[in-house]
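Undergrad: Sequence and predicted structure are below.
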Amino acid sequence: MRRPEAYIDFEVYEDSANLIGIANVTLPEINFLTASITGAGVGGTVETPLAGMIDAMTLKISFLSVTDAAVTLASPKKHQLELRVAEQYWNTTTVDKEISADKYVLTVVPKKVAPGTIAPASASDASGEYSVYYYAAYKDGDILWEIDPFNQIFNVNGVDYWADIRKALGK
């Protein structure tokens with residue numbers, strides 16, 4: 001059995017170019033859209049998540065300062081990002097450390113740029129927020145999820161949760 005210990009390091013790439021100067025990244029939350037059900041035969045209100053329907057996703061990036069990467073990602077256009085992560089695990093069977101290669105692929109468009117604060121003897125708190133149009137996650141080459149709202153794709157662990165919906169729509 002493998003137990004996660006910590007992320008060791010990560011790199012961010014845009015179109016295969018390494019974007020230096022990124023301090024940390026907050027990955028998008030996946031929030032399902034819901035519908036409230038109430039009426040005859042329902043003892044109150046039930047909130048039900050709708051299959052494959054998600055709320056808007058946001059990627060947040062903190063920069064060391066107003067770096068070249070911060071300026072590049074402020075361009076009001078589509079950015080194809082790839083986050084490559086080295087994650088450390090403890091294998092309880094072999095009693096040894098292992099490294100996992102995680103990867104996140106995102107298509108984003110900037111929606112907010114915050115240049116940060118300037119103060120003596122301190123790092124800047126520059127940051128950016130980005131609308132996410134595509135989001136996929138991989139662990140050691142295996143895809144964990146792929147979310148592409150514009151193409152009605154919502155796959156988790158190899159299950160296509162939009163398949164029945166597309167079929168019902170005649171697609």
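TA: Perfect, I can see it now.
Undergrad: Helices of the chain, start to end?
TA: With DSSP state H, the ranges of helices along the chain come out as 68-73, 163-168.
Undergrad: Now render those helices as a markdown table, adding mean pLDDT, mean neighbour count and distance to Asn24.
TA: Just so you know, the C-beta spots here come from the backbone N, C-alpha and C atoms, and that holds for glycine as well. Listed next are these as a markdown table, based on pLDDT from 0 to 100; neighbours: other Cβ atoms under 10 Å; distance: least, Cβ to Cβ, whole Å:
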| stretch | mean pLDDT | mean neighbour count | distance to Asn24 |
| --- | --- | --- | --- |
| helix 68-73 | 94 | 18 | 13 |
| helix 163-168 | 93 | 12 | 36 |
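Undergrad: closest to Pro120 out of the ones you listed?
TA: Shortest distance between Pro120 and the helices of the chain, using Cβ to Cβ, is found for helix 68-73: 20.8 Å.
Undergrad: Distance from the closest one to the middle of the chain?
TA: 19 Å (Cα atoms, centre = their mean, to the nearest Å).
Undergrad: From the contact counts, what lies against that helix?
TA: Contacts defined by 3 or more Cβ pairs under 8 Å, 6 or more residues apart in numbering; DSSP states H and E place helix 68-73 against strand 2-14, strand 57-63, strand 96-114, strand 127-139.
Undergrad: Tell me which of those strands sits most buried.
TA: strand 57-63 (a mean of 20; mean count of other Cβ atoms under 10 Å).
Undergrad: Which residues does it contact?
TA: 12, 21-31, 69-70, 73, 81, 106, 108, 111, 116, 124-132, 135, 147 (Cβ atoms under 8 Å, 6 or more residues apart in numbering).
Undergrad: start to end distance for stretch 70-89?
TA: 31 Å (Cα to Cα, to the nearest Å).
Undergrad: just how off-centre is that stretch within its chain?
TA: Using Cα atoms, centre = their mean, the offset of stretch 70-89 from its chain centre is 10 Å.
Undergrad: Now it: buried residues?
TA: 70, 73-74, 79, 81-85, 87, 89 (16 or more other Cβ atoms under 10 Å).
Undergrad: any idea how far Glu146 is from the residue in the chain sticking out farthest from the centre?
TA: The outermost residue of the chain, judged against the average C-alpha position, is Ala40 (39.8 Å), by Cα atoms, centre = their mean. For Ala40, the distance to Glu146 equals 39 Å [Cβ to Cβ, to the nearest Å].
Undergrad: Ser36 pairs with what?
TA: Glu47 (DSSP bridges).
Undergrad: again, but for Ala86
TA: Residues in beta-bridge contact with Ala86 (DSSP bridges): Asp9, Ala101.
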